[in-house]
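Trainee: The following block contains a protein sequence and its predicted model.
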Amino acid sequence: MSDPILDVQNLVGGYGKMTILNGTNFSVPKGSITTVIGPNGAGKSTVFKAIFGLLKLREGKVVFKGRDVTGLSQRALLGAGICYIPQGRNIFGELSVRHNIELGGVAAARDFDLAARVEAALDVFPVLRKKADRQASTLSGGEQKQLEIARGLLLEPQLVLIDEPSIGLSPLMVQQTFDMLKQLRDRGVSVLLIEQNARSALEISDYGIVLELGRTRIIDKADRVLADPRIGQLFLGGAMEETAA
Amino acid sequence: MTKHSRLLLAALAVIVIAGLIIIPMNFNRYGLYILSQWAVMTIAAMGLNLTLGYAGQVSLAQGAFVGIGAYGAAILTTHGWPLISALGFVIVICFAVGWLLGYPALRVQHHYLAFVTLAFSTLAFLVFRNESWLTNGIYGISNIPRPEIFGFPTRKPLPFYYLCLGSLGLVTLAMWWLIRSPWGRAFMALRENPIRAQSLGIDTRRYTLMAFAIGSVLGGIAGVLYAPLTQYVDPVPFNLQLSLDLLMMVIVGGSGFMFGPFLGAMIAVLLPEWLRFAEGYYLMLYAAAVIVLLIYSPSGILGILDRYLSSRRTQAASALRAAAQSKLEAAQ
Amino acid sequence: QSGAPIKIANVAELSGGGATVGNNWKNGIDLAVEEINAKGGILGRKIEVSHADSQSNPGVARAQVQKALDGEPYVLLGPGYSGSVKVTAPLAAEAGITQIMGGEAAELTQAGNKFLFRTSFGQQSSMPKVAKYVNDELKAKSVAVVWVNNDFGRGGRDVITKEFNRLGIKVAADLSTEAGQADFAADVSKIKAAAPDAVFIYVNEEESARILKEIKRQGVTAPLIGETTLVGQKVIELAGDAANGARGHVGLTTDAPVEAIKAFRDRFVKKYNYVPDHNGLKGYLAIYMVKATTEKMGKVDSKAFADTLHGLTIKTATEPNILMDVTFDQNGDIDRQGFLVEVVEGKQVVKQVLPKLN
Amino acid sequence: MTAVLDVRDVKKSFGGITAVNGVSFDVQEGEILGLIGPNGCGKSTLFNCILGQLVPSAGEVRVDGKLVTGQRPSDLNRLGVSRTFQLLQVFPKLSVRDNLILAGQEHRGSMLSRLLGPSDAGLTTTADQMIGFFKLEHLANEPAGGLSYGQQKLLDAAMAFMGGPRLVLLDEPAGGVNPTMLGDLKERLIAINRERRATFVVIEHNMEFVMSLCSRVMVMAEGKVLAIGKPDEIRANPAVIEAYLGH
Amino acid sequence: MSNLLDLIVAGLATGAIYALVAVGFTLLWQTSQTINFAQGEFVMLPAFLMLAVMHLGVPFWLAVLVGILLSALLLGLGFKLLLVDPMLRHGVLPLAIATMALAIGIKEAVKQFFSAEASPFPSIVPAGDISVLGRAISLQSLGVLAVAILAVIGLTTLLNRTSLGHQMQAAAQNPTVARIIGVPVERMILLTFLINAVLVALASLLITPIYLAKFSSGEVLGQAAFIAAIVGGFNQVRGAIAGGLLIGIVDNLAAAYVSTQYRAAVPMVLLILMILFRPQGLLGRAEERTV
Ligand SMILES: Nc1ncnc2c1ncn2[C@@H]1O[C@H](COP(=O)(O)OP(=O)(O)OP(=O)(O)O)[C@@H](O)[C@H]1O
Ligand SMILES: Nc1ncnc2c1ncn2[C@@H]1O[C@H](COP(=O)(O)OP(=O)(O)OP(=O)(O)O)[C@@H](O)[C@H]1O
Ligand SMILES: CC(C)C[C@H](N)C(=O)O
Ligand SMILES: [Mg+2]
Ligand SMILES: [Mg+2]
């Protein structure tokens, strides 16, 4: 693999006494789209939380552009050029759509042209422009997701952590979103993506990572992962089932 | 829960109950009075714990129901009714009023609900104070008799304490049954996610009203014991402060835990007494103690225990996950 | 045994709505105890007072009195709120312990309790004097009555209304107010609308100050009359100019033209840094009542205490710190000099001394 | 034969915005109807109008021929209509098993018998079957709030099946669910459909899932019905491709 | 009729006081979702701090400054660090209860270390009345009203028009998400409490000359402000003004035309009706949400 922008080393951590990540290792090559797949409950989202400093790690390191960023504040991580768009609904329902987007620029540097970026974001998502002055909670599920993506990308990050963006988006919008990620890559931005929509995601990706029970099982070029016969079996989550029974 | 820990719990329960029966036998009047007060307040707090802790309906009116119960008992027993029939009367009244008070909860929640019930508390106080023809107003009702239970007089402090303790026991049993029944689960559903609950066929209206009505009845029962305990009822103790105190008992003890109110009432009723040695500073100490307790465990005293138990459970689940992992590793 | 301290228990409103009352009372007690102990105590025995807080709540008062009685005190002092007195008096009576309290409600001493004593005039004796003054001096035909809606205020209002009725004075407005009330605009505008010949005001000190200010603002000119709580030093301090012209009957006041009281006031201010209200005097006197009674018996005997105090007259000649001659009747009510005062240019001026009856 | 669900001219507007603009359709017993359409076209709002979460501004909803417009969700549920929501909606502090028991208990006995009867309303076995089916055994006693997104989504769907419903409305049940589990979900859905002749309406953006599951698909756009028909017809409909599917 | 006008003007004066206390109340809700049961005590305390400083022989104006500073330190920074930080994540109730305890603590401390007596407090607004609609209204009351309105205008602008304000609201609505997008949540909360602390200090300065400095004066104020905040609309700072003034007027009209014994009931009934039929308050907006 080429020069990594992000290097995740031996992460151990979880929720309370529950250990979810048990020595997770992988790295994200610079200027690539890397997709993480794995069964439900594998710990994919947990890895993202760990990278973004939202999970107390018991062990391990997160290295971004050669610098140890483990446990930095979110503001610092944003400043360093990482952004995180989590799974589920994460908007400020009582604020207007526009204000929600603008808040994406909170961590911006002083010389950052926020207004222009907001306009650009509204260009990318015409629905949001149409509803810019509405209370964000009145948006439909998919529109809220678009809002989150627009807000998350406002700062022009170097590394995007994006957790299942396709949930709730119409096929057309999924396509658009994936196209957007591709464009980002073409501009040199690195993307770390989690998707259950594995096939489409891997198709646009350079690398694929399969995560199970908190550990990376396969790390390879995306097309090879797609073709890997083990994938089908892994998605069954077989091991878990046996132990629990 | 393992069999072992269940046995341990049963043993603990027996010891506590025996303690509550035996130790006070050589208490002085004051000690018995305070303990009786604890039992009475525990009953009222248990009612609020149902409404608030389990069903998630914020109420600042529980004190008013204690008042309704106390006035009901005071008025009726001074007119020659036996306490038990006064109790019956109060239960019916509190159920009905509690049910009605629940209606606003169908429209508004959280702090808005808190304020509607706050308003009710204030109104109840004004009625107690202003409707002299019924309540004797600010002068209050004195010479409230203590009852005879199965021919045993409870005029003396010790028998009356046993009456309070016995009532607490009965109420606890009933509450335990209620909470572990499907009703209990429905109440919690109301608290956790009313919208989802509705779509699962849970008649949130009826359960909300029930939560208010039953909780209020417990407030009323506490009041029925309060009147013969102090043998004098006036409006002052039933102002908003009592409702706030009861709320505090629930939260400090651990809201949504069966035995939270027992501990909460202990903090609210017994702790200030223990702190009296500090004289002018005792209420300051008390306030500080409550604050420190909440800082240490915002989910209340039983929250500490709960954290411990759930971390043990999580540990077990974590071990299971680790086992699965090594199996997976081995399979490769 | 004879050298052991005499234990006295005080239960009072040290916190809550009555804290001002209770703390004055407590301070008065402590001052008296300090004086007595400094001079060797009562019959050679020191006094030891325990203070307990009733939180201004009758239920708590009952618990605290119970606790105090469990400790078998020589005498029980307090509480100051009539309601709290009412719940606790039966307990003390049952235990056979004398209770010297601060309540003013008329009914307290009318229930035949043989162990309960006042430190101030009950409303049944103060209100008729006020009514008489309104009738004889002000020649008012109609009055507005403003009272605080607790047992103190309501009690006073009930007695005075009866007196006014008896004298043929019309109650033109009957206004209840709340403890802690800040805005009296509506009440005063009602007074104004009723256009009475006089206004009777029976509320706590701070509220007195506020209503006086509002009365001044709205330009009500009818004479204002009240009781101790209308014309006290505190009210004058808080109300400023607005207090001028207010009159009232006062049983105990630190402004009384009595040397002993002035001296008391100085001692109190020296110790506590503020001028006490009548509750401070009441607490102080309670302790000297204990002293005088005990010395009269010649022994410390809690059983005989109440009997001795009934019918007892304590004279300043024998006990200077009783401040004014006083007699206790069979109900525990007091007979003592009283004063009719008026606030003139920010000073309480005694207009008339109402002599002790017998 | 009357339709299980009959929706006539339902409209819903919020202030000036018309989210659902006169939608009519019906669903026959045993049918699985797919509901697709671009984001914000009014699908969820339509569900909410049918199920009483929102009161429609106009129009009628009938279940088994009975007019139910504006009825409370809980009453509808006890008529045998259940649903899931687009956003996660579980009871976070209750255990997974309690979530499921709760989902079925109101369909057992009367209010009184539920108070006096057994604490699980006799549903533990059914609940555990459901848990087994969605491979959540190891989490059965965990609070539902600690489940991963996909797991909660599955639990949510499982809850909709607990009361033995006749008509189930699912709002994006597949979102975030792993493809393998999605197969299981589909299987379960079809089994319930076959065994109990339960009827389904499924909002979903996952075309594979919709097209392989549904007998008919309805497409909405801008609050209106754009097309309704067999999956193949819909897939080939140029208007649908334009508005929704893309290429 | 003239009587009615009298009552309304007088009600405005009292209402202004309620409004001023209520502003901080709604601010705390809107920017940290906390309910401060000690808000009344927060208004009571700074006056005593100023009095204490004055006892040391410090001139009034300096004492005022020191009082505001101390208040920011104690009621702003201290409050946030000690109570809010550990409890904020656990929902509204534990913190609300802790503030109830805090209210007891503050009252008792003032009583114990200062006095149980009421004392007068110098007014920074000159005494005297001016004529409004032909009625006398005191300059003090007008001062209170002016400050309340200024505070509301300032805060509304801050919250709705500035990025800082949006960040504050975001931090309150969903701290986790706010953090993710880089809002310094801690700092926003601190700012909230500092603003509130300064506001209560100002309120104390203006209100105490009217209410007198007394350990218990926060009780009435706190409750009135509470009700005013709800009636006006809890989630809108400007609702506090409307709610406060309305409660002040209604209270007076109730006393005059309903019954003095039940005067406290009338605002309560108003409150209940308000909540049932317009829960978002007079000027609040509905908290909408899609399911
Ligand atoms: N807040 C939490 N508290 C406790 N346990 C949690 C919490 N969040 C997740 N878990 C547990 O951690 C494990 C991994 O969760 P995570 O959300 O990382 O899974 P995921 O791989 O993202 O799954 P999905 O594809 O469903 O989103 C799950 O078993 C889940 O039960
Ligand atoms: N409470 C509301 N107030 C105002 N507008 C609303 C409200 N709820 C929904 N809307 C609007 O109604 C339209 C339809 O929303 P709906 O949630 O039904 O869309 P949907 O088809 O479910 O979309 P998605 O696929 O993104 O979930 C949207 O434009 C939305 O903004
Ligand atoms: C408020 C006080 C003056 C109380 C009064 N001593 C009473 O009798 O209740
Ligand atoms: Mg996930
Ligand atoms: Mg939707």
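Mentor: Yep, that arrived. Ligands and ions are numbered 1, 2, ... in the order given.
Trainee: Tell me the secondary structure at whatever residue of the stretch 51-200 of chain E ends up closest to ligand 3.
Mentor: With CB to the nearest ligand atom, the shortest gap between the stretch 51-200 of chain E and ligand 3 falls at E:A116, namely 12.7 Å. C-beta coordinates here come from the backbone N, C-alpha and C atoms, glycine included. Assigned state for E:A116: coil (three-state reduction, DSSP: H, G, I helix; E, B strand; the rest coil).
Trainee: Can you list the buried residues in the helix or strand encompassing A:L21?
Mentor: Assessed by DSSP states H and E, A:L21 sits inside strand A:18-29. Under the neighbour-count criterion of 16 or more other CB atoms under 10 Å in any protein chain shown, strand A:18-29 has A:18-22, A:24, A:26-29 buried.
Trainee: for chain D, which helix is longest?
Mentor: When chain D is parsed with DSSP state H, its longest helix is helix D:179-195.
Trainee: Now find how far off-centre that one is within its chain.
Mentor: 14 Å (CA atoms, centre = their mean, to the nearest Å).
Trainee: How about stretch C:128-141?
Mentor: 22 Å.
Trainee: tell me the contacts of C:A173?
Mentor: In this structure, C:A173 makes contact with C:144-145, C:190-191, C:193-194, C:196, judged by CB atoms under 8 Å, 6 or more residues apart in numbering or on different chains.
Trainee: again, only using 7 Å
Mentor: C:A173 makes contacts with C:144, C:190-191, C:194, C:196, as judged by CB atoms under 7 Å, 6 or more residues apart in numbering or on different chains.
Trainee: Wondering if stretch E:221-229 reaches chain C at all.
Mentor: No - contact of stretch E:221-229 with chain C (CB under 7 Å from any CB of the partner chain) is absent, the minimum separation being 8.3 Å.
Trainee: Render the CA-only coordinates of that stretch in PDB, please.
Mentor: Coordinates of each C-alpha in stretch E:221-229 appear next as PDB, following Å, rounded to 0.1, in the frame of the first residue of the first chain:
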ATOM      1  CA  LEU E 221     -38.900  35.600  42.900                       C
ATOM      2  CA  GLY E 222     -37.800  32.200  41.700                       C
ATOM      3  CA  GLN E 223     -41.300  30.800  41.500                       C
ATOM      4  CA  ALA E 224     -42.700  33.900  39.800                       C
ATOM      5  CA  ALA E 225     -39.900  33.800  37.200                       C
ATOM      6  CA  PHE E 226     -40.500  30.200  36.600                       C
ATOM      7  CA  ILE E 227     -44.100  30.800  35.800                       C
ATOM      8  CA  ALA E 228     -43.300  33.800  33.700                       C
ATOM      9  CA  ALA E 229     -40.800  31.800  31.700                       C
END
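Trainee: any idea what sits nearest the closest residue to chain E within the stretch 1-150 of chain B, other than its immediate chain neighbours?
Mentor: The minimum distance from the stretch 1-150 of chain B to chain E, using CB to the nearest CB, falls at B:A119 (3.9 Å). Closest residue to B:A119 apart from its sequence neighbours, by CB to CB, 6 or more residues apart in numbering or on different chains: E:M268 at 3.9 Å.
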